[in-house]
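Asker: What would the 3D arrangement of this be:
(chains A and B, ligands or ions: 1)
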Amino acid sequence: MAPLDLRNQACIVGVGTTEFGRILDKSPVRLAAQALRAALDDAGLEKEKIDGFVTAFGSPGGVDFDEFTAHTGVDIRWTNQYWTHGRWGTTSIIAAATAVTSGVADYVLISNTNTVPRGYGKHFSRFAGDRWSEGLRDAGGGQGQLDYHGLDTPGAATSLVARNYMTRYGATDEELGSIAVAFRKHAQLNPNAIMNGKPMTIDDYMESRFISPPFRLFDYCLTNEGSVAIIVTTAEKALALKKKPVYISGFQGIHNGRNDFVFFARPGMGVGMQQEYDYVAPPQRVYEMAQVEQKDIDALYVYDAFSTNTWTALERFGFCPAGEAHNFTQNGRIELGGELPINSNGGLMSEGHFSGYNHFVEMTRQLRGECGERQVPNAEALQWITPFGDSMILTKGQ
Amino acid sequence: MVASRTGSYKKPLPVIHPDNEPYWAALKNHELRLQRCTDCNTLRYPVSPVCWKCLSEAADWEKLSGKGTLRSWIVVEAATGNPAWSEDIPYVVALVDLAEGPRLTTNVVETDPYSLTYGMPLEIVFADVTDEVTLAKFKPAS
Ligand SMILES: [Zn+2]
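Answerer: Reported below is the predicted structural model:
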């Protein structure tokens, strides 16, 4: 039996966020409820219709499905819950799409909430500690941190990837800086972006302090508070709701093996357990499923926890050959108005780190034409990519 | 168990449990040992109860040379994780290719952090950080 064709069978019908801020000092439950209200309003849907719930638990302590239903009165018949951080965006939405198309739920809410230790997280000291859950592994595992050797943050670990990449391919600090500068530029057009009103030039970038060279301060994403809610239903039910549906046209999952994720590298880079070789991007299922060619992608959304993720993700998906992304991202190509705009919302680096769920909100609004000054003209097909191989293509449908 | 913090050492310590205890016991004796699969001969890294290649649980703890070369490194200039690392700033986190194959994430010590070069030969330093824990670090080969 051939696999079921789920192309355009499920849709995003409602998106909502809280305000985004460095410190909001609101509890995760309060934030999650505010994002839920915004998404229900956006969809024109009553709370009682929500019967499925997916969450990547948030950070450091988000709202799990028991807590969520107790506080909001949402009554569900299907749920799925992932780890506390940002690798689960695609997986969460795939789960929702397959749930509604199989009928285990009709309207699935995807919810993700972040607080920070110096914000509302200060009330949750029981989560404090010097290890991420992955760090509990003997050798750091895929995440790669090794705290007892002082490699104890994802940023320090990813700077090893950046160092490898830049040395091997001759990339410069200025080229790296162009990524942060592009995303910051986009944030100036996004009123909800945390870095809105704080423009940055390449000179500002070059003058910022080193944390773990080649990474400067602005090569890191933000740490912040806020919540995102996304509602998914079937294409059929979507037509009865308030706004034009945004179609989930294609997707593929996280790829993982000894040659994969390590420190936000792509395969072939020789970090951690990886083999070192000249990577050539294989055909990607996401395009075949969506029946969209890579050249027809109108704008791209990247999991930009760190600047080099943009390079490793572009190369992983074959937008350019291995070793050429540092050239590809120059001369305004990835800025709005360029050949391939990336992260029109400002990304995790300048809108805020909401684990990429904020990128899915942006993609939805772009396809509806709701983005004002930062609208990508005639946006028909948008793609989400990560250095770890998962991806989703959203379209306006036929 | 998390090895107990005796003395003044405030940095994170490894979690030692029966699966990996021989690795840490060897380091304490100033020997670097990794598991060699007795079914398919794969040198196992990271330390594991099973061979990632053939899933066998059988292995010998092979004594390694402690020689390696520097594949890549960063110099950490700000302690953004555990503040206990502040006293070591700037320090080197490196990928070191062991002569026998596996690539370790470790530190290069006993040299100027800004003097390192790609491919430079290194040798192991047994860093006795507590009474119970010895870490495998590296320094330029003599
Ligand atoms: Zn074996």
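
Asker: what's the burial count for residue 97?
Answerer: In the absence of a named chain, chain A is used. 22 (other Cβ atoms under 10 Å in any protein chain shown). For the C-beta atoms, the positions are set from N, CA and C on the backbone; glycine is no exception.

Asker: To clarify, I was referring to chain B.
Answerer: Using other Cβ under 10 Å, residue B:97 is surrounded by 19 other residues.

Asker: ok, now residue A:376?
Answerer: Residues near residue A:376, counting by other Cβ under 10 Å, number 19.

Asker: Not counting its neighbours along the chain, what's nearest it?
Answerer: residue A:299 (4.6 Å; Cβ to Cβ, 6 or more residues apart in numbering or on different chains).

Asker: who touches the residue nearest to residue A:373 when sequence neighbours are not counted in this structure?
Answerer: Nearest residue to residue A:373 in three dimensions, chain neighbours excluded: residue A:189, at 4.5 Å (Cβ to Cβ, 6+ apart). The contact partners of residue A:189, by Cβ atoms under 8 Å, 6 or more residues apart in numbering or on different chains, come to A:336, A:344, A:372-374.

Asker: Buried residues of the strand or helix carrying residue A:34, list them for me.
Answerer: Assessed by DSSP states H and E, residue A:34 sits inside helix A:28-43. Across helix A:28-43, burial judged by 16 or more other Cβ atoms under 10 Å in any protein chain shown covers A:28-36, A:38-40, A:42-43.

Asker: which residues sit in contact with residue 100?
Answerer: No chain specified, so I'll use chain A. A:10, A:52, A:106-108, A:232-234, A:237.

Asker: try again with chain B
Answerer: B:34, B:43, B:62, B:64-65.

Asker: Let me know the distance separating residue A:102 from the ion.
Answerer: Distance of residue A:102 to the ion, given as Cβ to the ion, to the nearest Å: 39 Å.

Asker: Please report phi then psi for that residue.
Answerer: Dihedral angles phi and psi of residue A:102 (degrees, to the nearest 10) take the values phi -90, psi -10.

Asker: what does chain B put close to chain A?
Answerer: Residues of chain B found near chain A (Cβ under 8 Å from any Cβ of the partner chain) are B:11-15, B:19-20, B:45-48, B:52, B:71-78, B:80-82, B:85, B:88, B:91, B:93, B:95, B:103, B:105-107, B:118, B:135, B:137.

Asker: switch the cut-off to 7 Å
Answerer: By the rule Cβ under 7 Å from any Cβ of the partner chain, the part of chain B lying against chain A is B:11-15, B:20, B:46-47, B:52, B:71-72, B:74-78, B:80-82, B:85, B:88, B:91, B:93, B:95, B:105-107, B:135.

Asker: how many other residues sit next to the residue in chain A that the ion sits nearest to?
Answerer: Residue nearest to the ion within chain A (Cβ to the ion): residue A:258, separated by 13.7 Å. Number of residues near residue A:258 (other Cβ under 10 Å) recorded here: 14.

Asker: would you list every one of the helices in chain B?
Answerer: For chain B, applying DSSP state H gives helices covering B:21-28.

Asker: which regions of it lie under the pLDDT threshold?
Answerer: B:1-6 (pLDDT under 70).

Asker: swap the cut-off to 50 and go again
Answerer: B:1 (pLDDT under 50).

Asker: same check, this time on the stretch 1-150 of chain A
Answerer: By pLDDT under 50, the low-scoring segments of the stretch 1-150 of chain A are A:127-131, A:141.

Asker: now stretch A:271-290, how far from the chain's geometric center?
Answerer: Offset of stretch A:271-290 from its chain centre (Cα atoms, centre = their mean, to the nearest Å): 19 Å.

Asker: tell me the mean pLDDT for it?
Answerer: Averaged across stretch A:271-290, pLDDT comes to 93.

Asker: measure it end to end?
Answerer: End-to-end distance of stretch A:271-290: 32 Å, with Cα to Cα, to the nearest Å as the criterion.

Asker: what does it contact?
Answerer: Residues outside stretch A:271-290 that contact it (Cβ atoms under 7 Å, 6 or more residues apart in numbering or on different chains): A:7, A:144, A:160-161, A:164, A:249-252, A:258-259, A:262-263, A:265-270, A:293-294, A:315-318, A:322, A:391-393, A:395, B:95, B:105.

Asker: what's the answer for stretch B:111-119, then?
Answerer: Counting contacts by Cβ under 7 Å, 6+ apart, the residues outside stretch B:111-119 that touch it are B:69-70, B:73, B:75, B:90-92, B:108, B:139-140.

Asker: one step back: tell me which helix or strand the residue nearest to the residue of chain A closest to the ion when sequence neighbours are not counted sits in.
Answerer: Nearest non-adjacent residue to residue A:258, counting by Cβ to Cβ, 6+ apart: residue A:273, 4.5 Å away. Following DSSP H and E, there is no helix or strand that holds residue A:273.
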